[in-house]
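Turn this into a structure:
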Amino acid sequence: MAPTPHQSKTAKAKLIAGGKQPKARIARYLKTTEAKLVEGAKSSLLLKGIRCSDAMSTVLKDMKSIQSPHSKLLNKNNMIVPFDDAGQQSLEFLTTKNDASLFALASHNKKRPNNLVMGRTFDRRVLDMVEIGILQYRSLSDFGGLPKKRLGSKPLMQFVGDLWSSDINLKRLENLLIDFYRGDPVDSLVLSGLDHVMVFTAAETSLGGPETYPIIHQRTYYMKLKKDPKGGKAPVPYLTPSGPDMDFKVRRTQFASPDLWKVAIKQPAGVKAKKKKNRTTNIFGETIGRLHLEKQEIDKRSGKKVKALRLADQIEKKEERAALDSELGKEKEEMSSEFKQAYGFAPDNM
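As a prediction, the model looks like this:
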């Protein structure tokens, strides 16, 4: 069990003050919470609220199955109102105690039926929270006999609809959903390891009134890659509904302030890729480089030639010299003949 924030603070204070060293368990935990250049998978904590129906308990169980092994489900009900200060303190305590940075709280009452609050923490404090109301749900048990995803596999996530880019709340919700279901961070993917797709479609619906609300349709498919029947190199995915599927709407949101959000998404200098000079990438993904060279005088360069080429150059130079000598001789004869005609004697007799 992870130490409480008070224990962590006390241990750090003793270490800074040069006092007694903390216990081995706390020291090991503090070492795991130190800043890392590359973080691992985020763990999620799934909780039940003051009142939680059987349907919402099924939602939490299915979320645990999807996020395994990076999720933990607490079965007892909790007296937590997430949008109150006291409720946020309880969430911060439980996420710190269970070493989780993501949380989901399910509840059900007359005012807000089938309610689910999803959120995340930064520096052991609540960063974002989104409250959604589930309108329709199909659990994993409703897709009995159909293939399911493998344990720990990463999903392909697709967000369909213009609302994901135009609505500010849905933009942050998209970022939160990616954080929830992305799994372990990896540098490269193997096609054989891709086995399920999660599609989130946003559309506006009136819900029986004049006002329109964005409704999100979540669908999950099992994906089987097979050989392309047309002979292509890339495999063709075949999709089978595997669940869970849900339709939900956004009820309340509490997002971080711009300053806090800027601090939360800041990356260390060691992770950022260094910009490479004189190298660009076009729209087709091709890398284009630019070389800066000094002016090269190619005409004055002479490389090593084979014997046959050297002999050919010598013969060519001799022929050019002979042709030049013959032309000079002809010009000399013409000049001497003109001189003799003008003065009556050759210039050689002078």
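
measure the closest residue to residue 244 other than its chain neighbours to residue 82 for me?
Among residues not flanking residue 244 along the chain, residue 62 sits closest, at 4.4 Å (Cβ to Cβ, 6 or more residues apart in numbering). (C-beta placed from N, C-alpha, C; glycine too.) When distance is defined by Cβ to Cβ, to the nearest Å, residue 62 is 20 Å away from residue 82.

Between those two, tell me which one has more neighbours.
residue 82 (23 against 19; other Cβ atoms under 10 Å).

Could you look up the SS state of the more buried one?
Following DSSP: H, G, I helix; E, B strand; the rest coil, we place residue 82 in the coil state.

need the contact list for it.
88, 91, 105, 117, 119, 129, 131 (Cβ atoms under 8 Å, 6 or more residues apart in numbering).

related to what we said a few turns ago, hang on, isn't the residue nearest to residue 244 packed against residue 245?
No - using Cβ atoms under 8 Å as the test, residue 62 is too far from residue 245 to be in contact (10.0 Å).

Which element, helix or strand, includes the residue nearest to residue 244?
Taking DSSP states H and E as the criterion, residue 62 maps to helix 54-67.

so what does that helix touch, helix or strand wise?
strand 44-48, strand 71-77, strand 102-107, strand 115-122, strand 125-138, helix 168-181 (3 or more Cβ pairs under 8 Å, 6 or more residues apart in numbering; DSSP states H and E).

and the angle from it to strand 71-77?
Angle between the axes of helix 54-67 and strand 71-77 is 160 degrees (criterion: axes from the mean of the first three to the mean of the last three Cα atoms, to 10 degrees).

what pLDDT, on average, does helix 54-67 get?
The average pLDDT within helix 54-67 is 93.

and it, how far out from the chain's middle?
Its chain's C-alpha centre and that of helix 54-67 lie 27 Å apart, by Cα atoms, centre = their mean, to the nearest Å.

all numbers from here: first residue = 215
Taking 215 as the first residue, the last one we looked at is helix 268-281.

Which residues does that helix contact?
Contacts for helix 268-281 (Cβ under 8 Å, 6+ apart): 258, 260-262, 285-287, 318, 320-322, 328-330, 348, 351, 353-355, 363, 394-395, 397, 434, 457-458, 460.

Narrow those residues to just the buried residues.
Neighbour counting by 16 or more other Cβ atoms under 10 Å classes 258, 260-262, 285-287, 318, 320-322, 328-330, 348, 351, 353-354, 363, 394-395, 397, 434, 457-458, 460 among those as buried.

Okay, buried residues for the helix holding residue 276 please.
Those would be 270-274, 276-281, for helix 268-281 by 16+ other Cβ under 10 Å.

same question, stretch 474-486
Buried residues in stretch 474-486 (16+ other Cβ under 10 Å): residue 475.
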